[in-house]
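In: Structure, please.
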Amino acid sequence: MQNRHKKWKTLLSLLMCGIMLMGCSASKTGDTLIGSQVMENEESRAVSISFLGGQDVMPITGYVGPYQHEYSTDGNVFPEYITEDYYQKIKDSGINLIVYSFTDYASESEAVINNLELAGKYGIGMFVTDGNVTGKTVQDEITVEEVAKEIVNYSDYEAFCGMYLVDEPQATYYSMGDGSRLLGKYEQLADVLHNKLDILSYCNAYPISDMGRNKENYERYIKEFCDILQPKVLCWDFYPFDEIREGKMEVYFYNMDLIRKTAEERNIPFWAYIQAGSQWNDSYNELPSKTPYWPNEFQFNWNVNTSLAFGAQGIQYFPLMQPYQFTLAENGKWDFQRNGLLGGVGNKNQWYYYAQKINKHIAAIDEVLMNCVNKGVIVSGEQAKLDMALTTCEIKGGTFNQLKSVSGDAMVGCFNYHGKTALYVVNYDMEHAQEITLTFDGSQNVKMIQNAETSYVKGKALTLDMAAGEGILLVLE
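Out: Model prediction:
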């Protein structure tokens, strides 16, 4: 009986397929439904982290996670950060991975283990910093055995997702620091971690600092960064919002375009940094506060959504927790509001709520974006075109498969999703809500996800009501 049922099911499936194909060959005029133009399926480059949920879950990371408190001033003691309360706040924000905290296994092994235990309890992955491993980079020989012997101390914790290797290593011709973290210093260790032990590690590249002076050197730097460190994920940190924003978006997109292109050439994903506040204070000086604090919510969302439109398959917030030195204000005072999702005394800053909201949206769309291949972006509107002047990924002509035109100030990321067309539409305007209209070559069935809510629409033209900086995912079914 089972074989007979299978036979009838097969015949019925073939019959239904024939009916569907005949329906899809109908005229392309009016509201006649036309079939999606099927692309050849391409394998996504996204990194799958099993603890986070595997291939379908996007890493949403924070840089500067819980660490042991060590400061007090004028009788005010900073709180203990490695606690249930802090991990609950991080989980509630939508962050699922911490790539760095100030704790180092070489000197604070107990704190690292406490972090791993709490992270595991709250479903948050963690990269471990271990000077016993990274300190070996100055030696002539680094063996797989000695690295594996050290890592085994914490690699069995379920929250362990990888190693922290280096942030912003330098080259002699491209340095914005003291030159102590030269790329070549990490080559052997990176080879052991990435190729011999197959461990994901955090290594983050510098952004470009000056287009006129550094463009050629920067492109050389990114190539050597990848050649030497062989990262499994490519990331860089460019923060587009400061006192002087004019003309900076052109550089922002040049940098993102270069990272995107390099990641594509290397067949790896890229993760984008998102600016959570401003007024970094690595020098530990008393820094006068500048208000209003930025980025505002529209700018913040724009930062996330333009990154997703470019094909980012991971989001990184900096800083997740405000470091002590970032709190130092003038006249011996502190400012716990100017940066960080969480301020220095555990307060939830404005970016916490921005991130919490948009992370819910990312959780609703990440299955699609993590299984997509980005094919470029379409831009519409004068400002977007000016800002994209130095990029190579803009799709000229403004068409992609069924999509034939875009009107309004928009950026549209174009994707191959298992052979189907997926579009990530961004309101490019950071100040005003607007309507963005997409026109197709015939009536389409479209799955739409906006503000984490899914709906289905049908038509030849689709007009989207979008808040400033907002992003909407469309899948043409």
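In: so where is the chain shaky, pLDDT-wise?
Out: 1-38, 71-76, 139-140, 212-213, 243-247 (pLDDT under 70).
In: for it, longest strand please?
Out: Counting residues, the longest strand in the chain under DSSP state E turns out to be strand 434-450.
In: Give me the buried stretch members for it, please.
Out: 434, 436, 438-440, 442-444, 446-450 (16 or more other CB atoms under 10 Å). In this view, the C-beta of every residue, glycine as well, is placed from N, C-alpha and C.
In: what do you get for stretch 360-372?
Out: Result for stretch 360-372 [16+ other CB under 10 Å]: buried residues 361, 362, 363, 364, 365, 366, 368, 369, 370, 371, 372.
In: Over to stretch 42-51?
Out: Buried-residue list, stretch 42-51, by 16+ other CB under 10 Å: 44, 45, 46, 47, 49, 51.
In: Return the alpha-carbon coordinates of stretch 164-177 using PDB.
Out: Extracted as PDB, the C-alpha positions of stretch 164-177 are listed here (Å, rounded to 0.1, in the frame of the first residue of the first chain):
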ATOM      1  CA  TYR A 164      40.300  36.500  20.300                       C
ATOM      2  CA  LEU A 165      43.400  36.900  18.200                       C
ATOM      3  CA  VAL A 166      44.100  40.600  17.500                       C
ATOM      4  CA  ASP A 167      42.300  43.900  16.900                       C
ATOM      5  CA  GLU A 168      43.700  46.200  14.300                       C
ATOM      6  CA  PRO A 169      47.100  44.700  13.600                       C
ATOM      7  CA  GLN A 170      49.400  47.100  11.700                       C
ATOM      8  CA  ALA A 171      51.800  47.100   8.800                       C
ATOM      9  CA  THR A 172      54.900  49.200   8.700                       C
ATOM     10  CA  TYR A 173      53.400  51.200   5.800                       C
ATOM     11  CA  TYR A 174      50.000  51.400   7.400                       C
ATOM     12  CA  SER A 175      49.900  52.100  11.100                       C
ATOM     13  CA  MET A 176      47.800  54.300  13.300                       C
ATOM     14  CA  GLY A 177      49.300  53.100  16.600                       C
END
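In: which residues touch it?
Out: 99-100, 127-130, 134, 179, 181-183, 185-186, 189-190, 193, 201-206, 209, 214, 217-218, 220-221, 224-225, 229, 237 (CB atoms under 8 Å, 6 or more residues apart in numbering).
In: Among those residues, which are located in strands?
Out: 99, 100, 127, 128, 201, 202, 203, 204, 205.
In: Identify, from those, the entry nearest to residue 310.
Out: Proximity of these to residue 310 (CB to CB) peaks at residue 205, which lies at 15.9 Å.
In: how many neighbours does the residue nearest to that closest one when sequence neighbours are not counted have?
Out: Leaving aside its chain neighbours, residue 205 sits nearest to residue 236 (4.3 Å; criterion: CB to CB, 6 or more residues apart in numbering). Residue 236 has 21 neighbouring residues, counting by other CB atoms under 10 Å.
In: For residue 126, give the beta-bridge partners.
Out: Going by DSSP bridges, residue 126 is paired in beta bridges with residue 98, residue 160.
In: wait, doesn't it sit right on residue 116?
Out: Yes - in terms of CB atoms under 8 Å, residue 126 counts as a neighbour of residue 116; the distance is 5.9 Å.
In: neighbour count winner among the two?
Out: residue 126 (27 against 22).
In: quick one, what contacts the more buried one?
Out: Residues in contact with residue 126, defined by CB under 8 Å, 6+ apart, are 65, 97, 98, 115, 116, 119, 159, 160, 161.
In: Would you reformat those as TSV and include distance to residue 302?
Out: Below are the contacts of residue 126 laid out as TSV (distance: CB to CB, whole Å):
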residue	distance to residue 302
65	26
97	23
98	25
115	32
116	35
119	30
159	32
160	34
161	29
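In: so which of those comes closest to residue 144?
Out: Relative to residue 144, and with distances defined as CB to CB, the nearest of the contacts of residue 126 is residue 160, at 17.9 Å.
In: and stretch 197-211, how far out from the chain's middle?
Out: Centroid separation between stretch 197-211 and its chain, computed with CA atoms, centre = their mean, to the nearest Å, is 13 Å.
In: Going by neighbour count, list what's buried in it.
Out: Per 16+ other CB under 10 Å, stretch 197-211 contains these buried residues: 199, 200, 201, 202, 203, 204, 205, 206, 207, 208.
In: Equivalent analysis for stretch 97-106, please.
Out: 97, 98, 99, 100, 101, 102, 103, 104, 105.
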